[in-house]
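Asks: Structure for the following, please:
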Amino acid sequence: MWEGSGLTAKQTPRNDEPRPDEEAVAAEATLPGDETIPAGQGPDPNGPAAPAQQTTVAEEQTITAENSIAELTVRLEEAESRAGEYLDSLQRERAAFQNYRRRVERERAEQAQVIAGELLLKLLPTLDDFYRAMEAVPAGERNQWFEGIALILRKFERFLADEGVEEIPALGQPFDPALHEAVGVDSDSEAASGTITAVLQRGYRLGDRVLRPALVRVAP
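Replies: Numbering: from 1, shown residues only. Predicted structure coming up:
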C-alpha cells in the first residue's frame, strides 16, 4: 500500500514539526534583548500615551494658559487706564459745571440786587419828602394827623430795612468820600477838622453798594 501511493515513510510530513512559514513568523516576533511578543499581537493604539507625549501636551497647555493670562492682563491694564481717563474727564467736567453754576448764581444775585437798588433809589425822594413834611410841623401842632403821618413813615422805613436798605451814618462822623458828599464847610464849628457837622440829605446803601451818598457839611 505504501509503495502504491508513491510516498515512503521517511517522506511523510509530521504534524508536530514547524512549517517553514511559521518559523519565519516566530523569528520576526522574537527580537534580541526584548521580550517575546506573541505572533499576531502588537501595541494597543488605544492604550495610555507615552510619558513623553503627556509631558509635551501639559507644556503646551501651560504655555497657552500663560499667554491667555498675559493677554487678559494687558486688556485689564488698558481698561483701567481708560477708566482713569474717563473718571478724570468726568471730574473736570463736574468742577467746570459747578464753577459755572456758582458764577451764574452770583451774577443773578448781583443783577437782582442792581434791579432792586434801582427801584429803591426811586423811592428815596418820597422818603425825603416825608422827613421834610415831618420836620416842618411845629412841635406844638403835632396832633393826631401828625401821628398818622409818622406811622406811615415808620412803615416806609421798615419796608426799606426789610429790603436791606440802611441809612449811612453821617452826623458827627469823620468825612468819608466813599459815603459822604460835602456841599459846604462850617467855618464857625468847633468840631475837629473833617468832622461832619450837618446832614442836608440822608444817604443810603444796599449791602455794600451805596445807593446815594449823604449830602453833608464838614468842619474845616
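
Asks: and the helix or strand harbouring Arg158, C-alpha only, in CSV?
Replies: Assigned by DSSP states H and E, Arg158 belongs to helix 144-162. C-alpha atoms of helix 144-162 as CSV (Å, rounded to 0.1, in the frame of the first residue of the first chain):
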residue,chain,number,x,y,z
GLN,A,144,-53.3,163.0,65.6
TRP,A,145,-52.8,163.9,61.9
PHE,A,146,-49.1,164.2,62.5
GLU,A,147,-49.0,160.9,64.4
GLY,A,148,-50.8,159.2,61.4
ILE,A,149,-48.1,160.6,59.1
ALA,A,150,-45.4,159.4,61.4
LEU,A,151,-46.9,155.9,61.4
ILE,A,152,-46.8,155.8,57.6
LEU,A,153,-43.2,157.0,57.7
ARG,A,154,-42.2,154.2,60.1
LYS,A,155,-43.8,151.6,57.9
PHE,A,156,-41.9,153.1,55.0
GLU,A,157,-38.6,152.8,56.9
ARG,A,158,-39.4,149.2,58.0
PHE,A,159,-40.1,148.3,54.4
LEU,A,160,-36.7,149.7,53.3
ALA,A,161,-35.0,147.9,56.2
ASP,A,162,-36.6,144.6,55.2
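
Asks: could you point out which element follows that helix?
Replies: Remark: after helix 144-162, the chain's next helix or strand is strand 165-167, criterion DSSP H and E.

Asks: helices and strands around the helix or strand where Asn67 lies, which ones?
Replies: Assigned by DSSP H and E, Asn67 belongs to helix 51-136. Contacts defined by 3 or more Cβ pairs under 8 Å, 6 or more residues apart in numbering; DSSP states H and E place helix 51-136 against helix 144-162, strand 204-206, strand 209-212. From N, CA and C alone the C-beta is placed, and that goes for glycine too.

Asks: by how many degrees do that helix and helix 144-162 diverge?
Replies: 160 degrees (axes from the mean of the first three to the mean of the last three Cα atoms, to 10 degrees).

Asks: from the chain's centre, how far out does helix 51-136 sit?
Replies: Centre-to-centre, helix 51-136 and its host chain are 4 Å apart (Cα atoms, centre = their mean, to the nearest Å).

Asks: same question, stretch 207-214
Replies: With Cα atoms, centre = their mean as the basis, stretch 207-214 stands 41 Å off its chain's centre.
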